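Asks: sequence first, then the predicted structure:
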Amino acid sequence: MNMAEFLKPENWLMPASGPRYLQLRRRLDEAIVTGLLQPQTPLPSEREIASLTNLSRVTVRKAIAALADDGAVVQRHGSGSFVAARPPRVEQSLTQLTSFTEDMAQRGMDTKALWLERGLFLPSPEEITALGLAADVSVSRLARLRMADGRPMAIERASLPVDILPNPTLVEHSLYKALNDLGMPPVRAIQKITALNLDDRDADLLDVEPHTAGLKIERTSYLKDGRVVEFTRSIYRSDAYDFVAELRLSNSKDT
Ligand code: 16G
């Protein structure tokens, strides 16, 4: 498919899918992620995109500026906009307790999941310890490959006590939304991040070379009453993610 075809509004622009500049931003990002627009090549001009999409130049300008803010596009004064050298990285705050779905929605990205496992199982010794379970009680497991705008970002393996999530098949899209609906939202979490080299299977799922470096993250989340609600082991692509923490002086007066 060429860009003219790809940008035809009837293929992607929808009245109920949010601001038009964000929809265009997503569409252009998709062209970058899928390689239709190659790294370091010029984007079609503002005027060309406007005429292909029937959108105003102001809307096109806003979409390109948003891509530039994310680092997906570089704007060069006088010579137009170019696709950045590498796919953009996602920055995730280490101080906010948010879900993958929320994180990506904040960036205007669409999320999808490929289910790797979802059901009730007998707990492993690691799950028994992390969730404080009895050995003969089942555990709810949800393992997913998480994707943003079609790009694999992370593999997540979540385990939850069965009395908190009795039916893991109820989780269709967002685990945190399901927990909210059950009146059991996590309010606090501890995260541990370590480096690892991806094994063949995980590298294949994440669409990177085997043994590439990845980020392993263990999150233990708690309910308001102090009970552990989730124990999740995730593997994030290290070329797609930056985890960012805000640090303050411990005796600062304006915290
Ligand atoms: C995040 C969490 C993960 C949580 C998931 C819920 C990290 C490292 N992990 O990815 O522990 O289970 O969000 O997302 O941030 P969901 O509500 O979209 O299913």
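Replies: Now that the structure is in, tell me what you want to look at.
Asks: please make it C-alpha for all contacts and neighbour counts, starting now.
Replies: Fine.
Asks: residues in contact with stretch 52-62?
Replies: Residues outside stretch 52-62 that contact it (C-alpha atoms under 8 Å, 6 or more residues apart in numbering): 4, 7-9, 20-21, 24, 46-47, 49-50.
Asks: closest to Arg76 among those residues?
Replies: The shortest approach to Arg76 among the contacts of stretch 52-62 belongs to Glu46, at 13.2 Å (C-alpha to C-alpha).
Asks: out of the contacts of stretch 52-62, which are buried?
Replies: With neighbours counted using 16 or more other C-alpha atoms under 10 Å, the contacts of stretch 52-62 contain these buried positions: 7, 9, 20-21, 24, 46, 49-50.
Asks: what's the closest of those to Phe82?
Replies: Glu46 (11.9 Å).
Asks: what about stretch 11-22, how long is it end to end?
Replies: End-to-end distance for stretch 11-22: 15 Å, by C-alpha to C-alpha, to the nearest Å.
Asks: coming back round to it: filter the buried ones among the contacts of stretch 52-62 down to the ones in helices?
Replies: Among the buried ones among the contacts of stretch 52-62, the members found in helices (DSSP state H) are 20-21, 24, 46, 49-50.
Asks: which ones, among those residues, also lie beside the ligand?
Replies: If you filter those for contact with the ligand, counting by C-alpha under 6 Å from any ligand atom, you are left with nothing.
Asks: distance to Asp181 and pLDDT added to those residues, as TSV?
Replies: Compiled in TSV, those are given as follows (distance: C-alpha to C-alpha, whole Å; pLDDT from 0 to 100):
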residue	distance to Asp181	pLDDT
Arg20	30	95
Tyr21	32	95
Leu24	32	96
Glu46	44	94
Ile49	42	97
Ala50	42	97
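Asks: farthest pair in those residues?
Replies: Arg20 and Glu46 (14.9 Å).
Asks: distance of Leu165 relative to His173?
Replies: In this structure, Leu165 and His173 are separated by 15 Å, where distance is defined by C-alpha to C-alpha.
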